[in-house]
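Asks: Sequence first, predicted model second:
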Amino acid sequence: MVKKTKQLHVGITYDLRRDYLAAGFSEEETAEFDRVDTIDALEEALSALGYAVRRIGNIKALVERLARGECWDMVFNIAEGLYGFSREAQIPALLEAYRLPCTFSDSLALALTLHKGMTQTIVRSWGIPTADFFVVQTLADLPQVKLPFPLFAKPVAEGTGKGVSDASKIVSETALGDVCRQLLEKYHQPVLVETYLPGREFTVGIVGTGEQARVLGTVEIMLKEQAEKHAYSYVNKERYAELVEYRLVDDAAAIQAEVTALNAWRALGCRDAGRVDLRADAAGKPRFLEVNPLAGLHPRHSDLPIICALKGITYRQLIGFIMEAAWQRQPDYPGRAA
């Protein structure tokens, strides 16, 4: 446990969904941002753990408060950002400039892992199994896609299933061109085209950093009959209560998925807590899909707390694990673990 020689001050940085909706952004554009009750739950958990909590808000609010000279012993950062491949990395980079510690991954890891093509390249260089893939920058790249059908296409740097639907599974060159055109026009970013993986889908919850990282639990994503087919899509995630079943698993394939997930987590330099998503190929071998180093933390609706609840881990315990991991990286801090 963390030894506190004084009450430590924790600021929370976040993007509030209702603020962006009020500013005219769409439901899909704001899908990754947080609800008020998520921030309420975080503040309650951190306060119960003995911290003095201060709500900061988004990056603009953080800039204003840093300019006024405010500081915190730790910043609990869950801000996703809005623009660019480095949007998740912007607050950690700013805090690094001020030498203020924050939870979760640093700016390098967050910028790298948001771009699925870059992530796949790094992961494969470590010998971690992934689907074969190609990044389509423009429609002129389509003749270079030499992968066998069926394929799967999605935006290279979106989360919460944005850009993923029934149409993402592609069985012809005509469909490949149509889907890539639609994604390029709508999301204004490259498209990741992968060999379609037909097997079981897993998400692995992880806490800790480096060799201290460990698996919290693994669930299999089970799509119900009325769900969109082929993937854990945007619609399926938004309507998970009626379309998705989360099944805690610990069989041989799940254990293999956990080993692969931990290897990828460490290879990418992810910290403190998050999730790794995997899907099995036709032979049943789990392959890395993507990592979420800023996993959602709504106490009831987000995948990582769902995993913990199925394992009997309370929300307060999860937040405590995250803070403990963050303090372990601060050897000179008064709140470091013994």
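Replies: Great, that's in hand.
Asks: which stretches of the stretch 101-250 of the chain form strands?
Replies: Using DSSP state E, counting those that start in this stretch, the strands of the stretch 101-250 of the chain run over 133-136, 151-155, 169-170, 191-195, 201-207, 214-223, 244-248.
Asks: Tell me the gap between the fourth one and the middle of its chain.
Replies: The one in question is strand 191-195. Here the centre of strand 191-195 is set off from its chain's centre by 19 Å, with C-alpha atoms, centre = their mean, to the nearest Å.
Asks: which helices and strands sit right next to it?
Replies: helix 116-125, strand 133-136, strand 151-155, helix 173-187 (3 or more C-beta pairs under 8 Å, 6 or more residues apart in numbering; DSSP states H and E). Quick note: C-beta positions are derived from backbone N, CA and C, even for glycine.
Asks: how about 10 Å then?
Replies: helix 116-125, strand 133-136, strand 151-155, helix 173-187, strand 286-292 (3 or more C-beta pairs under 10 Å, 6 or more residues apart in numbering; DSSP states H and E).
Asks: pull the CA atoms of the helix or strand following the last one into CSV?
Replies: The one in question is strand 286-292. For strand 286-292, the succeeding helix or strand toward the C-terminus, using DSSP states H and E, is helix 303-310. Only the C-alpha atoms of helix 303-310 are listed here, as CSV (Å, rounded to 0.1, in the frame of the first residue of the first chain):
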residue,chain,number,x,y,z
ASP,A,303,-14.9,-2.9,-20.2
LEU,A,304,-12.1,-2.7,-17.6
PRO,A,305,-14.4,-2.2,-14.6
ILE,A,306,-16.7,-4.9,-16.1
ILE,A,307,-13.8,-7.3,-16.1
CYS,A,308,-13.0,-6.4,-12.5
ALA,A,309,-16.6,-6.8,-11.4
LEU,A,310,-16.7,-10.3,-12.9
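Asks: same question for helix 303-310, mean pLDDT?
Replies: Averaged over helix 303-310, pLDDT sits at 96.
Asks: and the following helix or strand past that helix, what does it pack onto?
Replies: Note on helix 303-310: by DSSP H and E, the next helix or strand toward the C-terminus is helix 315-328. When contacts are defined as 3+ C-beta pairs under 10 Å, 6+ apart, helix 315-328 sits against helix 36-48, strand 74-77, strand 201-207, strand 214-223, strand 273-280, helix 303-310.
Asks: helices or strands up against the third one?
Replies: With contacts taken as 3+ C-beta pairs under 10 Å, 6+ apart, strand 201-207 sits against strand 214-223, helix 252-267, strand 273-280, strand 286-292, helix 303-310, helix 315-328.
Asks: residues near Asp332, how many?
Replies: Asp332 has 5 neighbours, counted by other C-beta atoms under 10 Å.
Asks: Shouldn't it be within a helix?
Replies: No. Residue state for Asp332 (DSSP: H, G, I helix; E, B strand; the rest coil) corresponds to coil; a helix is not indicated.
Asks: measure the nearest residue in space to Leu318 that is not next to it in sequence to Phe33 for me?
Replies: Nearest non-adjacent residue to Leu318, counting by C-beta to C-beta, 6 or more residues apart in numbering: Cys308, 4.9 Å away. To Phe33, Cys308 is 22 Å away according to C-beta to C-beta, to the nearest Å.
Asks: what does Met74 give?
Replies: 22 Å.
Asks: Also Val215?
Replies: Taking C-beta to C-beta, one finds Val215 at 28 Å from Phe33.
Asks: same question, Glu158
Replies: From Glu158 to Phe33 the distance is 13 Å (C-beta to C-beta).
Asks: These two: which is more packed in?
Replies: Comparing Glu158 with Phe33 by other C-beta under 10 Å, the one with more neighbours is Phe33, at 23 against 20.
Asks: The more buried one contacts Arg87, correct?
Replies: No. In this structure, Phe33 is not within contact of Arg87 by C-beta atoms under 10 Å, at 11.4 Å.
Asks: quick one: common contacting residues for these two?
Replies: Listed as contacting both Phe33 and Arg87 by C-beta atoms under 10 Å, 6 or more residues apart in numbering are Asp15, Ala79, Glu80, Gly81.
Asks: ok so Lys53 is a helix residue?
Replies: Residue 53: Val, not Lys. No. The assignment for Val53 by three-state DSSP gives strand, which leaves it out of any helix.
Asks: For it, which residues are in contact?
Replies: So Val53 contacts 9-12, 39, 42-47, 72, 76 (C-beta under 10 Å, 6+ apart).
Asks: Please name the residues that touch the residue nearest to the spatial centre of the chain.
Replies: Most central in the chain under C-alpha atoms, centre = their mean is Asn292, positioned 2.1 Å from the mean C-alpha point. Shown in contact with Asn292 (C-beta under 10 Å, 6+ apart): 113-114, 159-160, 203, 205-206, 270, 274-277, 303-304.
Asks: Please convert the buried members of those residues into PyMOL selection syntax.
Replies: Buried residues within the contacts of Asn292, by 16 or more other C-beta atoms under 10 Å, are selected in PyMOL with:
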select buried, resi 113+114+159+160+203+205+206+270+274+275+276+277+303+304
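Asks: you'd agree Leu42 is up against Asp34?
Replies: Yes. Judged on C-beta under 10 Å, Leu42 makes contact with Asp34 at a distance of 8.9 Å.
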